[in-house]
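Undergrad: Quick one, structure for this:
(one chain, ligands or ions: 1)
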Amino acid sequence: MLQRASFRGLRLTEVVCSVAKVNVQIRLLSTTMDKGSNFFFRQLFDPVSSTYTYLLGDTCTKDAVLIDPVLEHAERDATLIKQLGFKLIYAMNTHMHADHITGTGKLKSLIPGSKSVIGRDSGAKADMHLQDGDKLTFGNHTLLATATPGHTNGCFTYICHDQAIAFTGDTLLIRGCGRTDFQEGSSETLYDSVHKRIFTLPDHYTLYPAHDYKGMTATTVAEEKKYNPRLTKSLKEFVHIMDTLNLPYPKMIDKAVPANKVCGLY
Ligand code: FE
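TA: Now for the predicted structure:
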């Protein structure tokens, strides 16, 4: 009766449209709620190396992962994880870093039961060695390990499709990219990784890099496809840009790389 009364005065097509609109709104609302309700995200920072560390968790199951922890902040990160009641499953690296020492080894001793993770092609020690397409699950969420070599051989981008986000390590930085002039760097390979594996993600995906030096915190696929000053160029132009950067020798590399080969425990 109530339904019939509210539809009175509307033509049949208008009624159908109104019902469809309500359905779409309900669907959108439930999608948003499913997406965000039990997902925890925290971006942490190391001002010395300008490294971002990411804590991701499932607030229902309390399972969590930490991406790119820095040795000097392992205690900070472990305290935060404990305060929030999370259980750390994986302490992960996007690659074998040359500018800081990983905190994954120390976190394992601070939080027993957690496992260190790195790409197989990095040549570094860890509890788990990833290959392209591997999936890491924490609670109801999954990170898809996607090989994006170029900055180093073992570089991975971790994609969380259920949140429309990805952690790009040094493969893609905000309006920039990682260096390709040390370790196993290759400009051609990095260009290929970004164009085939990151720029092919949906435009609205938010990207979180391993570093930023200008105070930026995140970007999107659409932004980088439009504004990245290096990766919007042709491959030839990109290689020329990377070949002529004339950057100084990385000051931490001789200490960081040997330490990171053994999970930061040296
Ligand atoms: Fe790096």
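Undergrad: drop to CA atoms for contacts and neighbour counts, all remaining ones
TA: OK.
Undergrad: Could you list everything the most centrally placed residue in the chain pairs with in the sheet?
TA: Nearest to the mean C-alpha position of the chain, counting by Cα atoms, centre = their mean, stands Phe167 at 1.1 Å. Beta-bridge partners recorded for Phe167 (DSSP bridges): Tyr158, Tyr208.
Undergrad: Tell me if I'm right that it and Pro209 touch.
TA: Yes. Using Cα atoms under 8 Å, Phe167 is in contact with Pro209, at 5.8 Å.
Undergrad: Let's verify Glu75: helix, strand, or coil?
TA: The three-state label given to Glu75 by DSSP: H, G, I helix; E, B strand; the rest coil is helix.
Undergrad: Next, count neighbours for it.
TA: When neighbours are counted by other Cα atoms under 10 Å, Glu75 registers 16.
Undergrad: if I look at it, how far off is Pro209?
TA: In this view, Glu75 and Pro209 are 22 Å apart by Cα to Cα, to the nearest Å.
Undergrad: For Ser122, which non-adjacent residue is spatially closest?
TA: Of all residues not flanking Ser122 in the chain, Gly154 sits nearest, at 4.1 Å (Cα to Cα, 6 or more residues apart in numbering).
Undergrad: Show the contacting residues for that neighbour.
TA: 95-96, 118-123, 147-148 (Cα atoms under 8 Å, 6 or more residues apart in numbering).
Undergrad: what about the nearest residue to His211 once chain neighbours are set aside, neighbour count?
TA: Nearest non-adjacent residue to His211, counting by Cα to Cα, 6+ apart: Thr51, 4.5 Å away. By the criterion of other Cα under 10 Å, Thr51 has 21 neighbours.
Undergrad: Can you show me the strands along the stretch 1-150 of the chain?
TA: Secondary structure of the stretch 1-150 of the chain by DSSP state E, counting those that start in this stretch: the strands cover 39-46, 51-58, 63-67, 87-92, 115-119, 128-130, 135-138, 141-147.
Undergrad: so what strands line up beside the last one?
TA: Partner strands for strand 141-147, per DSSP bridges, with pairing direction: strand 135-138 (antiparallel), strand 156-160 (antiparallel).
Undergrad: so of these, which one's packed in deepest?
TA: The highest mean neighbour count among the strands paired with strand 141-147, using mean count of other Cα atoms under 10 Å, belongs to strand 156-160: a mean of 25.
Undergrad: Now do the end-to-end distance for stretch 98-117.
TA: OK, stretch 98-117 end separation, Cα to Cα: 17 Å.
Undergrad: contacting residues for Ser187?
TA: Each residue near Ser187 by Cα under 8 Å, 6+ apart is listed here: 150-151, 180, 238-239, 242.
Undergrad: let's go with 7 Å and repeat that
TA: Taking Cα atoms under 7 Å, 6 or more residues apart in numbering as the criterion, Ser187 is in contact with 150, 180, 239, 242.
Undergrad: Identify, from those, the entry nearest to Leu172.
TA: Distance to Leu172 across the contacts of Ser187 (Cα to Cα) is lowest for Gly150, with 10.2 Å.
Undergrad: shouldn't that closest one be in contact with Gly185?
TA: Yes. Look at Gly150 against Gly185 with Cα atoms under 7 Å: they come within range, at 5.3 Å.
Undergrad: So the two - more neighbours on which side?
TA: Each of Gly150 and Gly185 has its neighbours counted (other Cα under 10 Å); Gly150 has more, 26 against 17.
Undergrad: contacting residues for the more buried one?
TA: Each residue near Gly150 by Cα under 7 Å, 6+ apart is listed here: 180, 185-187, 189-190.
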